[in-house]
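Engineer: the following comprises the amino acid sequence and a computationally predicted model.
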Amino acid sequence: MKTVTLFLLLILSSNISASDSHWEALILEKMLASMTHKKEITIYSQDKHLEKIYQDMDRVRKTDDCEKADFVLAHVGVKTSCKKPEIVFNYGNYKANANAVGLFFWQKGRPTIRFSSKRLQQFGLQVEGELSKFVSSKN
């Protein structure tokens, strides 16, 4: 009985994490697409956690050359030498990183999204569509 319960818990937790990565992919792709009119968006990231998320994105392609990327997806502690607009996944990193135009993280089971109008302007970007309500002039 304990083995069956443990097995069911493992299956459910793997389905939940697979579902989370699907939602993360949808949200990130929507964030990136709201800032550009390109049909194919190129991103740079050194984070292995995001590899699974890239696979669920239709318009996003990953590059190993930061200079060829349209955007950088950066987790805490990841520094890049190129000056590209970044989407970060931690509020502290968002506050400290001058290239962080957008922020995405989960809080209490809900996605939190924010864009910095000042930083978007520095890169000549603008958020269009339904995500424009998440643009803040505070950062």
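Structural biologist: That came in fine, so what should we check first? Numbers count the residues shown, from 1 in each chain.
Engineer: which of the helices or strands spans the spatially most central residue of the chain?
Structural biologist: Nearest to the mean C-alpha position of the chain, by Cα atoms, centre = their mean, lies Leu28 at 4.4 Å. Secondary structure assigned from DSSP states H and E places Leu28 in helix 2-33.
Engineer: following that helix, which helix or strand comes up?
Structural biologist: Per DSSP H and E, the first helix or strand lying C-terminal to helix 2-33 is strand 41-44.
Engineer: helices or strands up against that next one?
Structural biologist: Under the contact definition 3 or more Cβ pairs under 8 Å, 6 or more residues apart in numbering; DSSP states H and E, strand 41-44 sits against helix 2-33, strand 60-63, strand 71-74. Placement of C-beta: from N, CA and C, glycine included.
Engineer: what pairs with it, parallel or antiparallel?
Structural biologist: Its sheet considered, strand 41-44 pairs with strand 60-63 (parallel), strand 71-74 (parallel) by DSSP bridges.
Engineer: which of those strands sits most buried?
Structural biologist: Comparing those by mean neighbour count (mean count of other Cβ atoms under 10 Å), strand 71-74 ranks first with a mean of 24.
Engineer: for stretch 118-129, C-alpha coordinates in CSV please.
Structural biologist: These are the backbone C-alpha positions of stretch 118-129, laid out as CSV (Å, rounded to 0.1, in the frame of the first residue of the first chain):
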residue,chain,number,x,y,z
LYS,A,118,12.5,53.1,-18.1
ARG,A,119,14.7,50.1,-19.1
LEU,A,120,12.4,49.2,-22.0
GLN,A,121,12.9,52.7,-23.3
GLN,A,122,16.7,52.4,-23.0
PHE,A,123,16.6,49.5,-25.4
GLY,A,124,14.0,51.1,-27.6
LEU,A,125,11.4,48.5,-26.7
GLN,A,126,7.7,48.8,-25.9
VAL,A,127,5.3,46.2,-24.5
GLU,A,128,2.2,45.9,-26.6
GLY,A,129,-1.0,44.0,-26.2
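Engineer: sweet, I'm off.
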